[in-house]
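>>> please work out how this folds:
(one chain, ligands or ions: 2)
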Amino acid sequence: MSSVLLASRNGKKLAELQRVVDAAGITGVEIVGLDAVPDYPEEPETGATFEDNALIKARAGAKAIGIPCLADDSGIAVDALNGMPGVLSARWSGRHGDDPANNALLLAQLSDTPDERRGAAFVSACALVLPGGTETVVRGEWRGRVLREERGPHGFGYDPLFAPDDEIADGRSAAELSPAEKDGLSHRGKALAQLVPALRALAG
Ligand SMILES: O=P(O)(O)OP(=O)(O)OP(=O)(O)OC[C@H]1O[C@@H](n2cnc3c(O)ncnc32)[C@H](O)[C@@H]1O
Ligand SMILES: [Mg+2]
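Ligands and ions are numbered 1, 2, ... in the order given. Model prediction:
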């Protein structure tokens, strides 16, 4: 049984990554979180793109622990803000990981933006880096619109403000979808689906 390190310091994101990998039913690969390995310092996420940052995080984990490492870098890209917050999504309000402050700032910035120009996309880049140096990076996108108020109890981050375009969502926010529904539609689900063959190849 080989092990793969899932390198995220965001508990709710980590849970989503774990769920999607579990649902893929990959046998012979054990997924371990950062809590199961010795502590190593967090790399600054200095990349200009989601892909760059996912690689920074996955390379750091593979190097520090010496096993294959999977990392996600993600965020929301708002059309009316020319793609921002983008790679700055986790710290848009200035405080890293402060979801209520990030959501409040985004709402305020879009207060004058009419409904027909509130389009946005969640983006996830997922990188798998092997200690030998092999690197795979994939991307998933999820189109929708930014709501005018937060709705729904599930998910994390900007989910309560994001209404996916998918018909099956039927106007609900991403935080009003069940976790399984979100996984089936989300940027992260779409990105990870492309990594399943590479993960399967590690089994043994
Ligand atoms: O870097 P790690 O340790 O994985 O954890 P993080 O929370 O810092 O993660 P990112 O740097 O990738 O920043 C992603 C931010 O984008 C937002 N985001 C990403 N995926 C999301 C999702 O599925 N739903 C809602 N918001 C999301 C949320 O604000 C995250 O904090
Ligand atoms: Mg981060």
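>>> now do the residue in the chain positioned nearest to ligand 1, the pLDDT please.
Closest residue of the chain to ligand 1, CB to the nearest ligand atom: G157 (2.4 Å). From N, CA and C alone the C-beta is placed, and that goes for glycine too. Predicted confidence (pLDDT) at G157: the value is 98.
>>> the chain should start at 5 in everything you say after this.
From this message on, residue numbering opens at 5, which makes the last subject G161.
>>> what residues sit buried inside the longest helix seen in the chain?
In the chain, with assignment by DSSP state H, the single longest helix is helix 54-69. Neighbour counts over helix 54-69 (16 or more other CB atoms under 10 Å) mark 54-66, 68-69 as buried.
>>> tell me which of those is nearest to D43?
A68 (9.0 Å; CB to CB).
>>> excluding its backbone neighbours, what's nearest that closest one?
Of all residues beyond its chain neighbours, the one nearest A68 is Y44 (3.7 Å), with distances taken as CB to CB, 6 or more residues apart in numbering.
>>> that neighbour reaches I69, doesn't it?
Yes: using CB atoms under 8 Å, Y44 is in contact with I69, at 7.1 Å.
>>> all strands for this protein, in order.
6-10, 33-37, 73-82, 123-133, 139-150, 166-168 (DSSP state E).
>>> what about the first one and ligand 1, any contact?
It stands for strand 6-10. No: using CB under 6 Å from any ligand atom, strand 6-10 never reaches ligand 1; the gap is at least 9.3 Å.
>>> got a list of what the spatially most central residue of the chain touches?
Nearest to the geometric centre of the chain sits S78, at 4.2 Å (CA atoms, centre = their mean). Going by CB atoms under 8 Å, 6 or more residues apart in numbering, S78 touches K17, F54, S93, F126, V127, S128, A129, H191, R192.
>>> how does it look with 6 Å?
S128 (CB atoms under 6 Å, 6 or more residues apart in numbering).
>>> repeat that for A81.
Counting by CB under 6 Å, 6+ apart, A81 has contacts G87, G90, A125, V127.
>>> for those, give me CSV that also has pLDDT, distance to T140 and neighbour count.
Formatted as CSV, these follow (pLDDT from 0 to 100; distance: CB to CB, whole Å; neighbours: other CB atoms under 10 Å):
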residue, pLDDT, distance to T140, neighbour count
G87, 98, 24, 15
G90, 98, 22, 18
A125, 99, 22, 19
V127, 98, 17, 25
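>>> is it possible to export these to CSV including distance to E49?
Putting these into CSV (distance: CB to CB, whole Å) gives the following:
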residue, distance to E49
G87, 17
G90, 12
A125, 19
V127, 14
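>>> and the strands of the chain, which one is worst for confidence?
strand 33-37 (a mean of 91).
>>> that one: which residues count as buried?
For strand 33-37, using 16+ other CB under 10 Å, the buried residues are V33, I35, G37.
>>> can you list those residues in TSV and add distance to G98?
Output for those, formatted as TSV (distance: CB to CB, whole Å):
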residue	distance to G98
V33	38
I35	33
G37	28
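>>> residue numbers of this structure in contact with ligand 1?
So the chain meets ligand 1 at 12-14, 17, 49, 76-79, 93-94, 101, 106, 126, 159-163, 190, 192 (CB under 6 Å from any ligand atom).
>>> since that was my last question, I'll sign off now.
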